[in-house]
Each structure stands twice: as structure tokens, then as C-alpha cells.
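1. Show me how the following folds:
(one chain, ligands or ions: 1)
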Amino acid sequence: METLPLYREEFVAGAVPLLKDVFIPRILRQDLSDPGDVTNRLAAFRGNRMAKSMVEMAFWDLLAKSQNRPLCQLLGGDRDQIPVGVSLGIQKSFSETRDQIQKHLDQGYQRVKLKIKPGWDVDLIRDVRGAFPNAVLTVDANSCYTLEDLPVLQELDRYGLDYIEQPLAYDDLIDHSKIQARLNTPICLDESILSAEDVRKALEIGAGRVINIKVGRVGGHLEAIRIHDLAHSKGVPVWCGGMLESGIGRAHNIHLATLANFSKPGDTSSSSRYWHRDIILESLEASQGWMPVPKGPGIGVHVDWEFLKSSTVYRELIRP
Ligand code: MG
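-> Model prediction:
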């Protein structure tokens, strides 16, 4: 697991004491009737959305279980399976990239996302598009480019990409609006979006036309729903990103992605692509590009306590 702040500012070693000393004690033994009560209790604390979302998402799961309903119903979704794509890291060569794409298209995945970076972009996409003229392809730059790279991004316009994800800085909206105005391909915002307010501002200035929702990044399901609804009202599609979750987080993502405006395939691919063995008893595996929504109350999966115990490296007991 990544333990350094290499995506946004948060990281595990920072989140643990904050959860233990501040967030969780403010939730335990409180009278909480809905998820809004949880977010309100933590609202005074700035940022740290991933840590907050851990508490908030656990509450949603408990709430759904207390009502004996699947989480997706409480969130407002009603699908029993969701479309999924894959995200492929940077491979050693173009031919290895093509092999990986072929393998995942053969498995039925509905879109392939390729990581790009300066020097590993236009030539790669030209090569891949030549081999897969009809595949739904996207690229994710994870903030590797600057305004000066506009000509490179404009070259990518030729290859029918579904979107270009987060080309510019992780905390930028303004420059994204400048390049979106000069690209035909939609920009999809990932790192830059932390809230529905960010989405409102981004859409107001034309910084993107697709939104990647990661529940942790935005502070929980409640904010994810707000973003989903706002984007929906503006005709902007969203999809569910992934942070290499274990089965618990993956199940949350799948339930969230049952909402209507998650109209593009998400990164919620099979657990076995990430783990030799997951920490839940159920298997979360996509079939022909569709991930079934776990059935049963709450997130619908159960922790494999025996396996979790055998792989535990650190344990913390938190009391009110
Ligand atoms: Mg991304």
C-alpha cells in the first residue's frame, strides 16, 4: 500500500492518528441518525477527506445493515451490475501495451485507460489506435503536463479518445479550462475535484466535461452523491475511479456506481487484478465487462477475519 502523500496530500501514517485521536472519538457513542450527522461532526476540520470518508462510509454501511437493505438502495442507485473498464499502468514497450490491451478486451472490459507521461504519449496512442481502431480508449496523465504541452495534447485529439484524464496540476482548474477550450477531446477531472463546489466551479469555467469520482478523495458518499447529481443536472457524465481498494472499498465503489449518471465504465475492475487474496470472503470479479453488485444488507460482503488476522501488522483499539 502506498504510504506517502503521492496522490493528494493525505497518507496513511498521517490519517491514523487523526482518526484515532480526533475523528472517531467524535463519532463514537453519539446519536447519529443519518450520514449528514457524521459529516457535520467532522466539518470543522479542514481537508483530510480520505480519513473523514473512512468514518462516513462505515456509517453508511452500518445504516444500510440496520435497515436490512443493500447500500446501493440508500445511495439512490438501482442496477444489479455496473459497466467496468481497466486502467493499465505504463508498460515496458508498445508491444507489451498491446498485449495487455488485447488480454483485457478479450475479458470483455468495456474501456481501456492507459497511463501516459511526456515522451510516452502520442507515439504510444498512435500505435495502440492502429491496432485497436474500435476500442474505447482513454488516457490518464496524473498531472504530468503543463500549459506548454498543449500541442502534444492537441495531437492526441486525432485518436478518438473518450477523454484525457487530469493532464495538468493536481490542484488546478484554471489552466485545464484554457486547454479544454482548445481541445475537442473532453478533459476528465480527477485529482482537482474534492467537492461538489469544485465541480460547480470547474463546469462554470469549462475546465472539463467528464468527472472521475473517487469516494475517498471527496470525503464520502454524501459528497459523491452531490457531485453525481450536480454533474447529472449539467449533462456531464461521471465514472467511479479506484485507489487499489481491498474488497471493502471496492464493494463501496460498486454500490456507488449504481447511480444513474455513472454512465461511463469505472475503474472498479476485478479484485484479482490487484490482490492474490482479498480480505473479504466473497469474490468481486467482473464478467464480460460487468461487475455484479454484491447482494445482501450494507456493502454485501463479509470480512475474512481469519485471513485478516494472519496478515495484520498493526492493530488499534479506539474507545470513546
Ligand atoms: Mg486518474
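
2. Now for the residue of the stretch 51-200 of the chain found nearest the ion: which residues touch it?
-> Closest contact between the stretch 51-200 of the chain and the ion, by Cβ to the ion, is at Asp190 (3.7 Å). All C-beta atoms are positioned from the backbone trio N, CA, C, and that covers glycine. Going by Cβ atoms under 8 Å, 6 or more residues apart in numbering, Asp190 touches Asp140, Asn142, Glu165, Gln166, Asn212, Lys214, Arg217, Gly241.

3. Can you narrow the residues you listed down to the ones near the ion?
-> Of the residues in the contacts of Asp190, proximity to the ion by Cβ under 5 Å from the ion holds for Asp140, Glu165.

4. Can you tell me which of the contacts of Asp190 are buried?
-> The neighbour count (16 or more other Cβ atoms under 10 Å) marks Asp140, Asn142, Glu165, Gln166, Asn212, Lys214, Arg217, Gly241 as buried among those.

5. And those, which two are furthest apart?
-> Using Cβ to Cβ, the pair of the buried ones among the contacts of Asp190 lying farthest apart is Asp140 and Arg217, separated by 14.2 Å.

6. so which strand or helix has the residue found closest to Glu282 once you drop the neighbours it is linked to in the chain?
-> Counting by Cβ to Cβ, 6 or more residues apart in numbering, Val301 is the residue found nearest to Glu282 once chain neighbours are left out, at 4.7 Å. Per DSSP states H and E: Val301 is located in neither a helix nor a strand.

7. The top helix by length along the chain - contacts with which helices or strands?
-> Counting residues, the longest helix found in the chain (DSSP state H) is helix 49-66. Counting contacts by 3 or more Cβ pairs under 8 Å, 6 or more residues apart in numbering; DSSP states H and E, helix 49-66 is packed against helix 12-18, helix 35-42, helix 71-75, helix 215-218, helix 221-233, helix 247-256.

8. Try it again at 6 Å.
-> Where contact means 3 or more Cβ pairs under 6 Å, 6 or more residues apart in numbering; DSSP states H and E, helix 49-66 is packed against helix 35-42, helix 215-218.

9. Please identify the most buried of those.
-> Neighbour counts (mean count of other Cβ atoms under 10 Å) averaged over each of these peak at helix 215-218, with a mean of 26.

10. Next, work out how far apart Leu194 and Arg8 are.
-> Leu194 sits 8 Å away from Arg8 when distances are taken as Cβ to Cβ, to the nearest Å.

11. scratch that, Val313
-> When distance is defined by Cβ to Cβ, Val313 is 24 Å away from Arg8.

12. Point out the residues in the chain that sit beside the ion.
-> Residues of the chain that fall close to the ion, judged by Cβ under 5 Å from the ion: Asp140, Glu165, Asp190.

13. Filter the contacts of Asp190 down to just the ones in strands.
-> Using DSSP state E, the subset of the contacts of Asp190 located in strands is Asp140, Glu165, Asn212.

14. Export the buried ones among the contacts of Asp190 to a markdown table and append columns for pLDDT.
-> Output for these, formatted as a markdown table (pLDDT from 0 to 100):
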| residue | pLDDT |
| --- | --- |
| Asp140 | 97 |
| Asn142 | 93 |
| Glu165 | 98 |
| Gln166 | 98 |
| Asn212 | 98 |
| Lys214 | 98 |
| Arg217 | 97 |
| Gly241 | 96 |
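
15. how about the helices in the stretch 101-250 of the chain?
-> For the stretch 101-250 of the chain, the helices defined by DSSP state H, counting those that start in this stretch cover 122-131, 150-156, 174-180, 196-204, 215-218, 221-233, 247-256.
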